[in-house]
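Asks: Whatever this is, show me its structure:
(one chain, ligands or ions: 1)
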Amino acid sequence: MSVRISPSILAADFVNLERDISRISNADLVHVDIMDNHFVSNLTFGLQMTERIQQVSTVPLDVHLMIDNPERWAPEYADLGAFAVTFHAEAAVDPVALARALRAQGTRAGVAVKPGTPIGPYLELLEEFDLVLVMTVEPGFGGQSFMDETMPKLRQLRELVDKRGLDVWLEVDGGIDERTIEIAAAAGADTFVAGSAVYRGADPSLRVTELRERALAHRH
Ligand SMILES: O=C(CO)[C@H](O)[C@H](O)COP(=O)(O)O
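Replies: Next up is the predicted model:
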């Protein structure tokens, strides 16, 4: 099983985003957090900024929509060329219909669940998604502590994905660092979002390499 590191530019310098994206050119994905001050209380940016990020990034975009009404906006992020577009199960009216629409646009379709949202209803629908994002913090802010109690969801997902031989990426987001990436990898995650752990040091690309090595060493 391969692993993917997706640095979250939420922890980057917003007035030097191009520079900070170029600092993680060895990453597999670049995680772009869209927050609307409604689904979550925080606010980041939207389509216009993401379009510029898409234009300057050599790394494919992993867009995470923490917004209400994803049916209105998700297709627009797919349109601008995002590699993966993930919306929240709690916000979508019909997650399967939205995932199908995104796939029809040629984008990997992801569904995200908050720590308190059960994964049960999605287990029988895994074929409909290319990615399941298990939030390991409450969405909204970087720099929070990893919630171990979300790991049973990942174990359940990993068991089913392997049993059915599906190509569904299992992503974790929130509080991922050199220690917690080992826990999440052992539980079955293969795609790791890390903001603070990548950007807090002097050399973000080295942090990407270190995180990847740890995930590989502890992968399920
Ligand atoms: O989606 C997010 C917050 O909702 C961020 O991607 C996530 O929190 C990453 O930040 P950190 O690695 O600092 O926890």
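Asks: all contacts plus neighbour counts: C-alpha atoms, from now on.
Replies: Noted.
Asks: what separates E178 from F192, distance-wise?
Replies: Applying Cα to Cα, to the nearest Å, the value for E178 to F192 is 11 Å.
Asks: okay, the two: which has more neighbours?
Replies: Comparing E178 with F192 by other Cα atoms under 10 Å, the one with more neighbours is F192, at 29 against 18.
Asks: The more buried one touches R4, doesn't it?
Replies: Yes: with contact defined as Cα atoms under 8 Å, F192 reaches R4; the gap is 6.2 Å.
Asks: Spell out whether stretch 180-187 and the ligand are in contact.
Replies: No: against the ligand, stretch 180-187 shows no contacts by Cα under 6 Å from any ligand atom, the least distance being 10.5 Å.
Asks: Which of the residues in that stretch are classified as buried?
Replies: Neighbour counts over stretch 180-187 (16 or more other Cα atoms under 10 Å) mark T180, I181, E182, I183, A184, A185, A186, A187 as buried.
Asks: likewise stretch 78-87?
Replies: Of the residues in stretch 78-87, A78, G81, A82, F83, A84, V85, T86, F87 count as buried by neighbour count, 16+ other Cα under 10 Å.
Asks: My guess is the second one contacts Q54. True?
Replies: Yes: G81 lies in contact with Q54 (Cα under 8 Å); the separation is 7.2 Å.
Asks: Tell me the helix or strand right after the host helix or strand of Q48.
Replies: Using DSSP states H and E, Q48 maps to helix 47-56. Later in the chain than helix 47-56, the nearest helix or strand by DSSP H and E is strand 61-66.
Asks: by contact count, what packs against that following strand?
Replies: Contacts defined by 3 or more Cα pairs under 8 Å, 6 or more residues apart in numbering; DSSP states H and E place strand 61-66 against strand 30-35, strand 84-88.
Asks: now the residue nearest to V85 when sequence neighbours are not counted: how far from V161?
Replies: The shortest distance from V85 to any non-neighbouring residue, by Cα to Cα, 6 or more residues apart in numbering, is to V63 (4.8 Å). V63 is 22 Å from V161, where distance means Cα to Cα.
Asks: more neighbours, these two?
Replies: The neighbour comparison of V63 against V161 (other Cα under 10 Å) goes to V63, with 24 against 19.
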